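**Student:** Return a 3D structure for these sequence lines:
(one chain, ligands or ions: 2)
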Amino acid sequence: MKVTREFYKLPLEEKQKYSNVVDGKEFRMEGYGSDMVISEKQILDWCDRFYLVVEPESQRIYTLWPTQPPSFRDILSEYTARCREITNLVLKNLAKLLSLDKDYFINMLAENTITHARFNYYPHCPNPDQVFGLKPHSDATVITIVFVDDNISGLQLQKNGVWYSVPIILNALLVNMGDVMEIMSNGFFKSPVHRVVTNAEKERLSLVMFYAMDPEREIEPVPELVDEKNPRRYRKIKTKDYIAEIFKTFAKGTLAIDTVKI
Ligand SMILES: O=C(O)CCC(=O)C(=O)O
Ligand SMILES: [Fe+2]
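**Tutor:** Ligands and ions are numbered 1, 2, ... in the order given. Next comes the predicted model:
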């Protein structure tokens, strides 16, 4: 959190060395900036984002990893390794809860899976009732680990149509189910719709680790979880097609998971 804060305090020109817009035109996932703009009518969010691929190590693009603060690289590497331990522990226990082999989900994520780290910066906002820090969405991941600012709340999640604020718990990480887990568990686990609200006085930070599947792999309910009593609730889709769907629906403010529900 400290190195994230230091990175965001750097002058704009320094941060723009890592821009997510190549040569001033082409958007890429990795790097610093805003969300991709695909339509003039798109609702933008009140936040700066900085994405980096952290796993597998062979896919890291170190030229996009900030050199300031100098400890950024080592701390992010260590954080990635520690979060992987948490992810594996959580995945084991989720598999157990579904009476699957304990390594079921871990094996599924074993090959060619890409983990992104997303650093979010939400500046204080003069009109908090007019814009979100991040509009309502669910994550396209298997699971997500969120490290939230301990100075200010802002993350909210929706349950039965009501929004609840996620409390700040010192030194706690939030583990969120993603759409892929909802689909694989045939709806047993829910990928919650969540959003970030803006604040008139205070800025806020978060660091999010997105654990996703191999883009070439298909997502579908685990066959063992489908039977006459629990009919299949989601159709099969390739991970990369699902991610493309997320880009479209997020910009529109709709939900990708609704497009695969049966
Ligand atoms: O800032 C937060 O607390 C959550 C961010 C989030 O939901 C996301 O980056 O997908
Ligand atoms: Fe999210």
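**Student:** three-state assignment of the residue of the stretch 151-262 of the chain found nearest ligand 1?
**Tutor:** When distances are taken as C-beta to the nearest ligand atom, the stretch 151-262 of the chain reaches nearest to ligand 1 at Ser206, 3.2 Å away. (Glycine included, C-beta is placed from N, CA and C.) Put simply, Ser206 is strand when judged by DSSP: H, G, I helix; E, B strand; the rest coil.
**Student:** Please enumerate the helices of the stretch 51-200 of the chain.
**Tutor:** Counting by DSSP state H, counting those that start in this stretch, the stretch 51-200 of the chain has helices at residues 72-97, 104-108, 179-184.
**Student:** which stretch in these has the least confidence?
**Tutor:** Sorting the helices of the stretch 51-200 of the chain by mean pLDDT places helix 104-108 lowest, at a mean of 91.
**Student:** Need the contact partners of that helix.
**Tutor:** Contacting residues not belonging to helix 104-108 are listed as Asn88, Leu91, Lys92, Leu94, Ala95, Leu98, Val142, Met181, Met184, Met213, Arg217, Val222 [C-beta atoms under 8 Å, 6 or more residues apart in numbering].
**Student:** May I ask which of those has the most neighbours?
**Tutor:** Val142 (28 neighbours; other C-beta atoms under 10 Å).
**Student:** wait, isn't that one in contact with Glu182?
**Tutor:** No: counting by C-beta atoms under 8 Å, Val142 does not reach Glu182; the two are 9.8 Å apart.
**Student:** what about the stretch 1-150 of the chain, any weak spots by pLDDT?
**Tutor:** For the stretch 1-150 of the chain, no stretch has pLDDT under 70.
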